[in-house]
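In: Sequence first, then the predicted structure, then my questions.
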Amino acid sequence: MGLESTMPPYEIIEYKLQNVTTIVGCITIANSGFTSLALLSNLETLQYSQTGNSSSCSSYGNIITIAKNSLLRRLYFTSLKKVIVTKKSEYGIYLVDNPSLCITEEELEHFLKTEKFYAPHIQICDPTKIYCRLDSFDFFDQTNIVSGCQVLTDSLVLNGTKEYNQTEFHDRLNDIEQILGSIIVFQSDIVALKFPNLWRIYNFQPTLPVIFLQDNPNLAEIEFSNLSSIPYFGKYPDVLYTFSNPLLTQLPLDTCENLYKLGQITIGDVSESICENRTSSALPTQEANHTTATTSEFSVDSGKGGSNVTNSTALSSVGKNQPPNNNTKDNLDFRILDLTYFLGSIFIWVLRFEI
């Protein structure tokens, strides 16, 4: 049954929601006929809850799920300031498969201040920077970063040996200022990884460290001399996890200082920190920020075709060509607009539609 035929008039929904500022529960909008979500423009705070009638919170696991809305063009979440996640919530704001949707840079900045934000390859309305995005749920690698790119809208995954111009690739890394995702370098032949202008990473892969380097026999040099912001780490506190990179024995002082200020450095196969011989009053106590990994923590799904590679420290939930699992498939009963909110004191209102 078509979505539009199951919905009450838009004017009624807008009237009910236009003054709502706080929601306790969740919002799920999938396969809808909405062109914008301006009806939620006054929403300021959203707190995840599985209580009461908000059963779809348990089904989807996200605080805000907006998926598979082919007509949706704008959100207009202009007042949203706080998204309160819990351990039970899978993602905070989850935006996937809305082909016509763009968000403003102001909205993006607001979302990047929340936890568990996930919106791979999101389009930006009227951008002031060069945002690189791919048409599929693939990741960026040595072959698909365009010249001049300033913001990667998904993870950078360098996996295996590929034919590419190393000089040209490194020149393109020089321009990158932000990455919405992780940096994953696994079983590659890359010799250096330098991001002189990268200042922010927001981890779209919450089950992975922010920067993951493993089994790279030629990797001898990395640079994150300007990295100063990691709004969201995910499950692990590691800003850098490195294992089995035999030539990577020392880091530049500015990179060491920046990484130590941001989080934990985990070294998987050396007895001393790769920052051990760098001396500076800005460096914190080594023991507080440096751990040695000795057991398996991750499992890898590394190939573009979905081939699995089992390794002592491998990647999990880096599934190629698809977003992380979330129940937004066409054969499910969708709650087009499912939310529980408090209006006034204790008045609770729930609006739910199913296909």
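Out: Happy to help now that I have it.
In: and Ile63, what does it touch?
Out: By CB atoms under 8 Å, 6 or more residues apart in numbering, the contact list for Ile63 reads 26-27, 46-48, 57, 83-85, 89, 91-93, 116. All C-beta atoms are positioned from the backbone trio N, CA, C, and that covers glycine.
In: So which of these belong to strands?
Out: Members of the contacts of Ile63 lying in strands (criterion: DSSP state E): Ile27, Leu46, Gln47, Tyr48, Val83, Ile84, Tyr91, Gly92, Ile93.
In: per-residue pLDDT, the fifth one?
Out: Pointing back at Val83 there. pLDDT recorded at Val83 is 90.
In: now do the second one
Out: If you check Leu46, the pLDDT there is 89.
In: One more: the last one?
Out: Looking at Ile93, its pLDDT is 93.
In: Quick check, it in contact with Tyr118.
Out: Yes: applying CB atoms under 8 Å, one finds Ile93 in contact with Tyr118, separated by 7.1 Å.
In: check contacts around Leu227.
Out: Leu227 makes contact with Phe195, Leu198, Trp199, Arg200, Ile201, Thr255, Asn258, Leu259, Leu262 under the criterion CB under 8 Å, 6+ apart.
In: Checking Gln204 next. Helix, strand or coil?
Out: Heads up, residue 204 is Phe, not Gln. With DSSP: H, G, I helix; E, B strand; the rest coil as the basis, Phe204 sits in coil.
In: count of neighbours near the nearest residue to it once chain neighbours are set aside?
Out: Distance criterion CB to CB, 6 or more residues apart in numbering; nearest residue to Phe204, sequence neighbours excluded, is Gly181 at 4.2 Å. Counted with other CB atoms under 10 Å, the neighbours of Gly181 add up to 24.
In: And the chain, split by domain according to the record?
Out: Structural domains assigned to the chain are 1-118+324-355, 127-322, following automatic domain parsing.
In: quick one: low-confidence parts of the stretch 251-355 of the chain?
Out: 269-274, 276-355 (pLDDT under 70).
In: how about 50 then?
Out: Within the stretch 251-355 of the chain, the segments meeting pLDDT under 50 span 271, 277-288, 290, 292-295, 299-355.
In: Can you measure across stretch 192-211, start residue to end residue?
Out: End-to-end distance for stretch 192-211: 14 Å, by CA to CA, to the nearest Å.
In: do stretch 172-179 as well
Out: 13 Å.
In: ok, back up a step: can I get the buried part of the contacts of Ile63 as one PyMOL selection?
Out: In PyMOL, a selection of the buried entries from those looks like this (16 or more other CB atoms under 10 Å):
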select buried, resi 26+27+46+47+48+57+83+85+89+91+92+93+116
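In: Doesn't Asn42 lie inside a helix?
Out: No: using three-state DSSP, the assignment for Asn42 is coil, not a helix.
In: distance of it from Glu107?
Out: Distance of Asn42 to Glu107, given as CB to CB, to the nearest Å: 15 Å.
In: So for the two, which sits in the more crowded spot?
Out: Legend: neighbour count by other CB under 10 Å for Asn42 and Glu107, higher for Glu107 (20 against 15).
In: so the more buried one makes contact with Ser79?
Out: No: here Glu107 lies out of contact with Ser79, judged by CB under 8 Å, at a distance of 10.9 Å.
In: Pro9: neighbouring residues, count only.
Out: Counted with other CB under 10 Å, the neighbours of Pro9 add up to 8.
In: about what we covered before: would you reformat the ones in strands among the contacts of Ile63 as TSV and include distance to Gly160?
Out: Shown next, in TSV, are those (distance: CB to CB, whole Å):
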residue	distance to Gly160
Ile27	40
Leu46	41
Gln47	43
Tyr48	38
Val83	37
Ile84	40
Tyr91	29
Gly92	33
Ile93	32
